[in-house]
Structures are given as structure tokens and as C-alpha cells.
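Colleague: here's a sequence, model it:
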Amino acid sequence: MKKLLVVSCWLSVVWLFADNQQLNIQSPLSNLSDTVFVTASRVESRIFNLPISSILITKKDLAIKSIGDVASSIANEAGVDIRNYSIINGASTISLLGSTSQQVLVLLDNIQINSPSSGTPDLGLIPVYNLDRIEIVKGPTSSLYGANALGGVVNFISESPFNNTETLKFQAFADYGSNNTYNCKFQTKSEFFKYSFIFDVSQNNTDGLRTNDNQLSNALQLKTGYKFNDKNKIRLDLKYSEKEIGLPGPQPESSQHPLYGDNSSFTKYDRQWDNLYQVKFNYELRLNPKMDLIFNSLYSNSKTRFLWVNQYAADTALFNDYYHTKSVTSNLVSRYNFSAEKNIVLGIDFIKDLFLAQSEYPSDTQWNPCQNKIGLFTESSLDLLNNLLLFGSLRFDWNSGFGTFFSPSIGISYFLTSSLKIRTQLGRAFRAPTLNDLYWPISGNHNIKPEIGDAFQIGIDYQPSTDFSLHLTGYVRQTRNLINWIPDTQDIWRPTNIDSSYIKGLEWVSKIKITDNINFTLNGTIQDAGQVRQEPVCYDFMNLTTIFKYQQRKQAFLPQFTLSTSIYYQPLTNTIITISGNYTSSRINYYSSYDSFPKIYMKTKKLTPHWTMNCYVSQKVLNYINLTFKINNLFNAQYAEQFGNSIIDKDYPRPDRMIFIGLEIKN
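Modeller: You can find the predicted model right below:
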């Protein structure tokens, strides 16, 4: 890693002496005109040039895949693992190349939205119908974004007001389906002289699968912009979203009799309310023909309230937990272009988090930590010999909670031809301790350190035409200092850097145009992962403490094999039919067993493999009406993606067959 750090630092100097104009070789890079991608380098780049595995999900893909939330729109992509607790907009986790959900950085319009208290994002607060595209970078990207980008980055990019026309446009969409599930949206947008705006409102609702599984979410958003010219713009976004969801817990086994639940849910009372306010300011400035300056600032105010009942209490007394987070995020990024594939980027990020938490049980407890974060980063790309792209980046992070961290990364894209390239990427990344890890009353650990991961991937991309493409990526990652909560010498549960993990895998993404109106895709992932954790082995009555021992096992939660395929068929100009299938192999989890107390051992629980199929039909009527028909889980597969709380419960069941009928009207 020291050598990697040196290479990254000197890369910004090397390109100063490179002059491709001296070579009389036709560069294969000069013929590339593929889709622009912004997440992998903090600035616009061609996705085919990148040295790291990346995915672009377009607005058309979102319409086909989503059932009303962003989780369903990114599920079943190669290397992406989404695990849901309910139908739409409920709790869900996201994993990239075998990472944990806290090791994935989630952005909304290039600004991170991971919760500073838990480390995970709330995907249910992102309205899917406002999105223009989703960009996913799979691999370590802390050298650009800092904390929580150990597994990669998911960037949800909303529609830009600068793409409007002077005509006033409107769009209304609604669909209705199983379990009284509906999604509706209204949007209007226009441009007057140099001022443009987009205003949209959306609502999602479902009765859910079980008792206390219903959900309701609303979102309101205004995006405004003023364009001085194509390279100088100013933008202001205002957003409000709210969500109420039931928290039924896993489905009980028939032998279990929840005190405050029934045969489908552990509790009828637990609920969660979320409110999110955001104000974002963006300014893009072209200082000269070769230098750009971009400034972003976001104020975020989120509130979460939990209402819950203690299953072990003698009465049905309800308790309230309250969490209030205020964050100010600002960044300044400058890029200097020497040529099309030779540039250097400098940037600075600043984040201030204020957190207020209050709990009523077991007694009134309140804590109010504050955290400041600063990140300085640089990246550059260099075109060598007209067929070799070299990427390097380096970032320094300072966090008032744990101190400093250096994140280097280096990548290479070597073009054998204009349509065939070999790529490799090596980097170090980290997951920062959360505010809960650092400051939870009594149990918080002020000495905890970040999780550290070193990752390497190598891949081949072949794209001879728009009719065919194949992408193969092999990857390995080792992570140490994993944070786990275990009892200390005083038998107080504290977060501690004690665990480690490793993973190696292969993913592939292939697309082929069979005929002018039939496209076929086949994606998959094979991975082998393990974990080394401290597990309880017995209870010491003499010292009244639990004894732990390191154990090496297969990685929990992670499927070893996934496969997804789809057929896109357009028999007529205004008709689209898509059929997709998704296979996920079994998942395992471990539970402590006290059957032989004081001896303690682990039992293994397995979620069975499952295959699901979905169907989507779209028919355009006239020029302004579009009808849609969706079937999810066509063959009514019975499966779960999330484990329950015990070895015997029935986990969190996924929906049976769901049918949706939709109508879209726009001028």
C-alpha cells in the first residue's frame, strides 16, 4: 500500500510530461462515444473507459423494473444484493460485491445520504419516479468519497431542470395492484428564457402482506435552475418526504405465541415515522475553456420516531424513541482538462452532523453528539501511448470522532482494440464508526477505529457494437477491524474492532441484440466469502462473564450464486414486452444456542434458494397516453431475503404474485 500511495501521488506529475500528439498512432480512444458516467470519478467520464466495474440504470430501465421504490429498481443487477423486509419503501439493505450495507455509500445527486447514526441509508425516502438514472460503482471508492465507500457507491440522480423545453410539460402516472398497493405521481416542468423548473409530487401505499405491515409515503420536490450558458449554471432544489411504516417483525413459527402479535406478526403496535427536509444549492462555473469549478451544498433535516411495545413487559405500555439529525454537506470540485483523456481534479468535502436521540426505556435517556468531517482529494487520468488509460486518486479524511485516514486507489484501462479492453483497479477504503458506535450512552466506544478494506479487481470489456457487449470482472477483498458489539469485562455490550472477512468472486454482464426488436441480457455473480468473528463459547460463573473465541465460517447473509436474465421484445413501435427471471442461491446465518448452558454454540439457519419471474407490458395509445401491466413473482415462489430474530421463526416473507395496472398521461 505504501507503493500504491507513492504511485497515486506522483501520477499528477507524470501526465505533465506526456504528450500524445508526438505519436503518429490512431488512438482507439478517439472513436469512443459511449454513455457519460459521473460517479466513478467525481466528474464526467465515458463509462467504457473506467477501470472499475460500473452499472448505469436508465430511466427506461426504472420504469420496467420498479414496483414503486428504488430498491426494486436496482435489485438483481450483477454484484448487487438487495434484501427487503416488506413490499415497497420498507426497510431494506444493499450490498455491493459482498459488502455489508454500512460499507456502501449512497448518494442522491452526488451528495451522501447515509445516516450518521446508523451508517445505512433509508432508500424508502427516495422517490423513484423523480429519478433520471442510477449509477453504481462496485469496488473501493473511498479515495474519492471518503467514508462508507468500501463496497462501492450507488448514486441516485434526479431529473435536471436544465433539460426542459420552453413548452409547459406535464405528466401524471398511477398504477394499482395487489395488497392495495398503489403508486401515483404528478409532474410539471418548463423553461422561461434562461430559468427552468421541475415540480413533482408522488405517493406510495400498500396494505402489506401481514398484520401491521402497511406503509404510506409522500414526496414533494421543486428543482429550479438558471442557465447563464451551457457551462455556467446555478440550481436550487427543495425536497420534502415523509413515510409511515409498520414494523411487524418476522413471521412467528406456529409454536411461538407473541404476547402482542398474532400468527403472522410478532407485534401489532410497533411503527416508524420518518420526515426528511432538504435544501440543495449547486453552482457550475467555467473559469476558462479548460477549467471547471463545481460547488454543492446541502442542508438535510431528518426526524425519525419509533413507537414500540416491550414484549417482556406485563402490560402493553408503548415506548417512544426519537431521533433527530441535522447535516450540512458542502463540497468544492475543480477540474483542469489538458486534453480529452488527460485531466486533474482537486476537491474538498465538509460535513457537519448534529444528532439528538431520546429513549424512554428503560428510563428517559438523551444524548446529543456532534461530528465534523473534512476530506481533501485529488484524482487524475492520463492517456499513455494512445491505448492505455491510467487513473489515480488519493484522499485524506479527518473525522472528529476517530481521527484521520488515507485512501489511495489506482486503475488501468488497456485497449487492445477500440472495442476490447482489459482493466484493473486496486484501492483501499474504509467504513467509519457511526455516531451510535461512538457515542451511545454507557455502551459507546470513543476508541473505536474505522473498518479497513483492501480490494483488487480485474476485468475484460468487449463491446464491438451496440448489438453486443460482454463484461467480466474478478474481484478479491480483505477487510479487517470489522465492528461488532460484544460484552466487555464488565459485561456491557460495546462496539469493538475484532472481526475480519474476505471475499473472492466473479461477475459477468452480457447483452445481445438478437433481432431489430429483441434484446437479451444475462448477468450473474459467483462468490466465495468467509468471516472470522468472536463468538460466545461458554459462560464463566466464577467471573460472571461470557467467554468468546474466534471462529472462521462462511459469510453470513451472502448468496454464493446469483443469476438474472431478461428478454426485451418490441413487436410494434408502441408496444414493449419484457420478461425477466432471477435466481438467488441459499443464504446462511448463525444463532447462539444455550441448549447446553453454560456451554454456548452456534446453530446455522438457511434460507432456501429461489427463482422468480416478472413480466412487463407497455402499450402507447395516441401520443400522450401509455398503459402498463406488470406481474411480479409470476409463478408465486415462496421465499425470504431477510433472516428473522431466532432459529425457529419464519423470517420476513416476500410477496406472492403481484399484479399492477398503470396509466401514464403526458403532453
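Colleague: quick check: Lys352 touching Tyr299?
Modeller: No - look at Lys352 against Tyr299 with Cβ atoms under 8 Å: they stay out of range, at 10.1 Å. All C-beta spots, glycine's among them, are computed from the backbone N, C-alpha and C.
Colleague: what sits in contact with each of the two?
Modeller: Between them, Lys352 and Tyr299 share the neighbouring residues Ser327, Val328, with contact defined by Cβ atoms under 8 Å, 6 or more residues apart in numbering.
Colleague: quick check: which ranges of the stretch 1-150 of the chain have low pLDDT?
Modeller: Under the criterion of pLDDT under 70, the regions of the stretch 1-150 of the chain flagged as low confidence span 1-34.
Colleague: how about the strands in it?
Modeller: Listed from the start of the chain, the stretch 1-150 of the chain has strands (DSSP state E, counting those that start in this stretch) covering 36-37, 45-46, 54-58, 80-84, 92-96, 104-108, 111-112, 131-138.
Colleague: dump those strands into a markdown table; add mean neighbour count as well.
Modeller: Output for the strands of the stretch 1-150 of the chain, formatted as a markdown table (neighbours: other Cβ atoms under 10 Å):
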| stretch | mean neighbour count |
| --- | --- |
| strand 36-37 | 16 |
| strand 45-46 | 18 |
| strand 54-58 | 19 |
| strand 80-84 | 22 |
| strand 92-96 | 23 |
| strand 104-108 | 24 |
| strand 111-112 | 22 |
| strand 131-138 | 22 |
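Colleague: and of these, who's closest to Lys194?
Modeller: Taking Cβ to Cβ as the measure, the strands of the stretch 1-150 of the chain were each checked against Lys194, and strand 131-138 came out nearest at 20.8 Å.
Colleague: for the helix or strand containing Ser190, give the mean pLDDT please.
Modeller: Assigning secondary structure by DSSP states H and E places Ser190 in strand 181-192. When pLDDT is averaged along strand 181-192, the result is 92.
Colleague: same thing with stretch 621-636?
Modeller: For stretch 621-636, the mean confidence score works out to 92.
Colleague: where does the protein have its least confident helix or strand?
Modeller: Lowest on mean pLDDT, DSSP states H and E among the helices and strands of the chain sits helix 2-14, with a mean of 41.
Colleague: what angle do strand 181-192 and the following helix or strand past the strand holding Ser190 make with each other?
Modeller: Sequence order places strand 195-206 as the next helix or strand after strand 181-192, per DSSP H and E. Orientation note: strand 195-206 sits at an angle of 180 degrees relative to strand 181-192 (axes from the mean of the first three to the mean of the last three Cα atoms, to 10 degrees).
Colleague: tell me what strand 195-206 is packed against?
Modeller: In terms of contact count using 3 or more Cβ pairs under 8 Å, 6 or more residues apart in numbering; DSSP states H and E, strand 195-206 is assigned the packing partners strand 181-192, strand 215-229.
Colleague: for Ile64, find the nearest of those.
Modeller: Once Cβ to Cβ is applied to the helices and strands packed on strand 195-206, the stretch that comes out nearest is strand 181-192, at 14.3 Å.
Colleague: direction included, what does that closest one pair against?
Modeller: Paired strands of strand 181-192, with direction, are strand 169-177 (antiparallel), strand 195-206 (antiparallel) (DSSP bridges).
Colleague: turn the ones you listed into JSON lines, including distance to Thr545.
Modeller: Conversion of the strands paired with strand 181-192 to JSON lines gives the following (distance: least, Cβ to Cβ, whole Å):
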{"stretch": "strand 169-177", "distance to Thr545": "53"}
{"stretch": "strand 195-206", "distance to Thr545": "46"}
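Colleague: strands paired with whatever helix or strand Leu287 lives in, and their directions?
Modeller: In the assignment (DSSP H and E), Leu287 maps to strand 271-288. Strands adjacent to strand 271-288 in the sheet, as given by DSSP bridges, are strand 232-246 (antiparallel), strand 291-309 (antiparallel).
Colleague: most tightly packed of these?
Modeller: Ranked by average neighbour count under the criterion mean count of other Cβ atoms under 10 Å, these are headed by strand 232-246 at a mean of 19.
Colleague: quick revisit: now render the strands paired with strand 271-288 as CSV, adding distance to Ile111 and mean pLDDT.
Modeller: As requested, the strands paired with strand 271-288 are exported to CSV (distance: least, Cβ to Cβ, whole Å; pLDDT from 0 to 100):
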stretch, distance to Ile111, mean pLDDT
strand 232-246, 10, 94
strand 291-309, 5, 94
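Colleague: which one of these lies nearest to Glu135?
Modeller: Of all the strands paired with strand 271-288, strand 291-309 sits nearest to Glu135, with 16.1 Å by Cβ to Cβ.
Colleague: need the CA coordinates for the helix or strand that that closest one is followed by. CSV is fine.
Modeller: Toward the C-terminal end, the helix or strand that comes next after strand 291-309 (DSSP H and E) is strand 318-339. Coordinates of the C-alpha atoms in strand 318-339 are reproduced here as CSV (Å, rounded to 0.1, in the frame of the first residue of the first chain):
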residue,chain,number,x,y,z
LEU,A,318,-45.9,1.8,24.4
PHE,A,319,-42.5,3.5,24.4
ASN,A,320,-41.2,6.2,22.1
ASP,A,321,-37.7,6.5,20.6
TYR,A,322,-36.9,9.8,18.9
TYR,A,323,-34.0,10.6,16.6
HIS,A,324,-33.3,14.0,15.0
THR,A,325,-30.4,14.5,12.6
LYS,A,326,-29.2,17.8,11.1
SER,A,327,-26.5,17.7,8.5
VAL,A,328,-24.7,20.3,6.4
THR,A,329,-22.7,19.0,3.5
SER,A,330,-20.6,21.1,1.2
ASN,A,331,-18.0,20.3,-1.5
LEU,A,332,-15.9,22.2,-4.0
VAL,A,333,-14.5,20.4,-7.0
SER,A,334,-12.2,21.8,-9.7
ARG,A,335,-11.1,20.0,-12.9
TYR,A,336,-8.5,21.1,-15.4
ASN,A,337,-8.6,19.4,-18.8
PHE,A,338,-5.3,19.2,-20.7
SER,A,339,-6.9,17.0,-23.4
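Colleague: adjacent strands (with direction) for the next helix or strand after strand 318-339?
Modeller: Toward the C-terminal end, the helix or strand that comes next after strand 318-339 (DSSP H and E) is strand 342-359. The partner list of strand 342-359 in its sheet, established with DSSP bridges, is strand 318-339 (antiparallel), strand 365-367 (antiparallel), strand 370-384 (antiparallel).
Colleague: run the chain-centre distance for strand 342-359.
Modeller: For strand 342-359, the distance from its own C-alpha centre to the chain's C-alpha centre is 17 Å (Cα atoms, centre = their mean, to the nearest Å).
Colleague: okay, buried residues for that strand please.
Modeller: Along strand 342-359, the positions that meet the burial threshold by neighbour count (16 or more other Cβ atoms under 10 Å) are 342-345, 347, 349, 351-357, 359.
Colleague: quick one, strands of the stretch 551-667 of the chain?
Modeller: With DSSP E, counting those that start in this stretch as the criterion, the stretch 551-667 of the chain has strands spanning 561-572, 575-584, 587-593, 601-607, 610-621, 625-632, 640-642, 652-653, 658-666.
Colleague: understood, closing this out.
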